[in-house]
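In: 3D model of this:
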Amino acid sequence: MRYKDLTENIENLNDILDKIKTECSDICKYYYSGKYFYRGVRKKEMVDQQDVFIGKPRENREPLSTSPDEHAFCNKGLSLLGYVVNRSNSIAISPSMEIAKSYGTPYMIFPKNGFHYSFSRYSDMIHMVVSRNFIRDYIRENFPEEYNSFLKYQSHNDLMNILLYKNDYDYIIKDYWCKVFNKSSYIEDNYLDQAIKWNSEIMISGSEYYAINYKYFNEVYNFFGDV
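Out: Reported below is the predicted structural model:
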């Protein structure tokens with residue numbers, strides 16, 4: 001199961017928070033002054049509208065609002081640059097409750113120790129990578145013959161297909177990522193405080209996570225305080 005409902009234990013929320021403090025200490029050290037990561041949970045993902053649950057990222061998540069080509073384009077680039085976390089094996093969380101709320105009911109997220117993550121300096125990781133302008137400029141510089149017929153390409157997918165169907169696909173995708181959205185723009189290890197400061201969306205994978213409905217924010221804040 002992807003979810004384990006803990007709502008029946010909500011009256012003993014402090015007991016759950018005690019477990020979180022121990023099992024999620026790696027993330028808790030970044031949670032201070034009411035700063036948390038959030039995820040918007042859609043109704044169809046929720047079982048009986050649970051307020052507290054343990055979830056686990058999928059290993060083969062399908063895109064919802066992103067095209068399959070964009071999804072594959074980003075996954076391939078992350079893989080070629082050596083990242084463990086990609087769009088298929090992770091969940092996206094944000095330090096902005098409002099952003100999470102735009103996707104569904106906002107939950108405070110506490111990944112268990114041992115999780116992997118990556119994030120970019122930009123708040124939205126995918127739209128910068130598949131920017132039509134970035135892809136257009138890369139094609140103009142590297143494939144002028146295709147660029148000369150650029151006007152017939154009207155969408156991100158059309159532009160990406162120029163790169164996706166080259167014989168040296170791996171080299172081209174890696175080169176594109178390095179030049180346009182280079183590895184230094186993606187960050188791992190010990191920089192989660194920066195993600196909070198930059199209001200960056202991050203992807204987490206590799207472990208279960210606790211999720212607590214935002215309506216219990218005060219209870220969570222009172223438990224953890226400013227530490």
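In: lowest-confidence helix or strand of this protein?
Out: Lowest by mean pLDDT, DSSP states H and E among the helices and strands of the chain is strand 186-187, with a mean of 56.
In: what sits against the closest residue to Phe223 other than its chain neighbours?
Out: Nearest residue to Phe223, sequence neighbours excluded (C-beta to C-beta, 6 or more residues apart in numbering): Leu17, at 4.6 Å. Placement of C-beta: from N, CA and C, glycine included. Leu17 makes contact with 219-220, 223-224, according to C-beta atoms under 8 Å, 6 or more residues apart in numbering.
In: most surrounded residue in the residues you listed?
Out: Ranked by neighbour count (other C-beta atoms under 10 Å), those have Val220 at the top, with 20 neighbours.
In: remind me which helix or strand that one belongs to.
Out: helix 217-224 (DSSP states H and E).
In: next, the angle from the top strand by length along the chain to helix 217-224.
Out: Longest strand in the chain, counting residues (DSSP state E): strand 105-111. Strand 105-111 runs at 20 degrees relative to helix 217-224, counting by axes from the mean of the first three to the mean of the last three C-alpha atoms, to 10 degrees.
In: so what strands line up beside strand 105-111?
Out: Here strand 105-111 is paired, per DSSP bridges, with strand 37-41 (antiparallel), strand 209-213 (antiparallel).
In: check which element follows it along the chain.
Out: Sequence order places strand 116-120 as the next helix or strand after strand 105-111, per DSSP H and E.
In: what are the buried residues along that following strand?
Out: 116-120 (16 or more other C-beta atoms under 10 Å).
In: same check, this time on stretch 106-116
Out: For stretch 106-116, a neighbour-count test (16+ other C-beta under 10 Å) marks 106-112, 115-116 as buried.
In: where does this protein dip in pLDDT?
Out: The model of the chain has pLDDT under 70 over residues 1-3, 5-11, 44-49, 63-65, 121-130, 150-156, 164, 167, 180-190, 226-227.
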